[in-house]
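Asker: Quick one: sequence plus predicted model below, questions after.
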Amino acid sequence: MLIIDNLSVGYRKGINVLNGLSLKLKSNKIHGLVGLNGAGKTTLLNTIFGILKQTTGTIIFNDEKLTKKQICYLENENFFYSNITGAEYLSLFVNKDFDLNAWNTIFELPLNSLIENYSTGMKKKLALLGLLKIEKPLIILDEPFNGLDIEACKVLQLIILRLREKNKLIIVTSHILESLTTICDEIHYLENGVIKFSKSFENFHHLETEIFHDFNKTELINKLL
């Protein structure tokens with residue numbers, strides 16, 4: 001279990017992006033994280049991973065202080081060294097039990113080609129292969145479906161569901177709500193730096209109503225069109 005307690009994070013003194021956020025996430029579950037732009041999703045993920053330091057609060061994983069050694073983090077924008085091939089990138093991660101050839105029959109990447117010649121979707125697939133090769137108990141996926149075609153999105157969904165069966169704790173963000181409701185066990189809504197509410201699978205049908213309860217742009221759109 002991941003326990004986040006009273007987490008506050010700010011980029012400037014006196015101005016917080018996260019404001020005493022608390023959240024408990026069970027292992028063997030897929031947890032969706034949603035929120036409008038600026039709500040603090042990426043800040044929360046970067047703080048969990050240790051890129052950012054909190055001003056208050058604790059992050060505990062399985063009764064111990066969380067460290068990077070326990071986390072795989074797929075960032076929204078992936079970074080790769082220049083002038084290396086996909087195979088060279090994956091060789092940076094050590095896992096003698098990882099069958100790269102078998103996995104690449106699914107991802108179909110030109111691993112002997114330079115990464116800089118890959119498309120956006122190919123780079124996302126390569127980053128996913130690296131994540132799978134690392135194999136950690138806590139997996140963070142920030143907008144993992146961005147840049148993938150419909151077949152790759154289906155493959156990714158199947159992989160995420162299979163990882164849940166292997167007792168992983170998975171956190172997934174997406175700006176498309178439907179991509180989360182199909183795979184998540186719980187979805188947590190972040191607003192103004194705190195978790196406003198959480199919904200389990202059987203209550204997902206209430207999500208849009210609660211998220212857009214004060215949505216007031218319909219009338220204006222109707223006037224403009």
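Answerer: In hand now; what should we look at? The model shown is predicted, which means the values in this text are computed figures rather than measured ones.
Asker: Specify the beta-bridge partners of the residue nearest the centre of the chain.
Answerer: The residue lying closest to the centre of the chain (C-alpha atoms, centre = their mean) is residue 141, at 2.3 Å. For residue 141, the beta-bridge partners under DSSP bridges are residue 74, residue 172.
Asker: Let's see the pLDDT reported for it.
Answerer: Looking at residue 141, its pLDDT stands at 96.
Asker: Go ahead and confirm it touches residue 75.
Answerer: No: Residue 141 lies out of contact with residue 75 (C-beta atoms under 8 Å); the separation is 9.3 Å. Every C-beta, even on glycine, is put in place using the N, C-alpha and C of the backbone.
Asker: Point out where the protein drops to low pLDDT.
Answerer: For the chain, the stretches with pLDDT under 70 are 214-217.
Asker: can you give me the strands for it?
Answerer: 2-12, 15-25, 29-34, 56-61, 64-65, 71-74, 138-142, 169-173, 186-191, 194-200 (DSSP state E).
Asker: any chance of these in a markdown table, with distance to residue 81 too?
Answerer: Putting the strands of the chain into a markdown table (distance: least, C-beta to C-beta, whole Å) gives the following:
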| stretch | distance to residue 81 |
| --- | --- |
| strand 2-12 | 28 |
| strand 15-25 | 30 |
| strand 29-34 | 29 |
| strand 56-61 | 29 |
| strand 64-65 | 30 |
| strand 71-74 | 17 |
| strand 138-142 | 20 |
| strand 169-173 | 25 |
| strand 186-191 | 32 |
| strand 194-200 | 36 |
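Asker: Out of those strands, the one nearest residue 122 is which?
Answerer: Closest approach to residue 122 among the strands of the chain is made by strand 71-74 (14.6 Å; C-beta to C-beta).
Asker: Many thanks, we can stop here.
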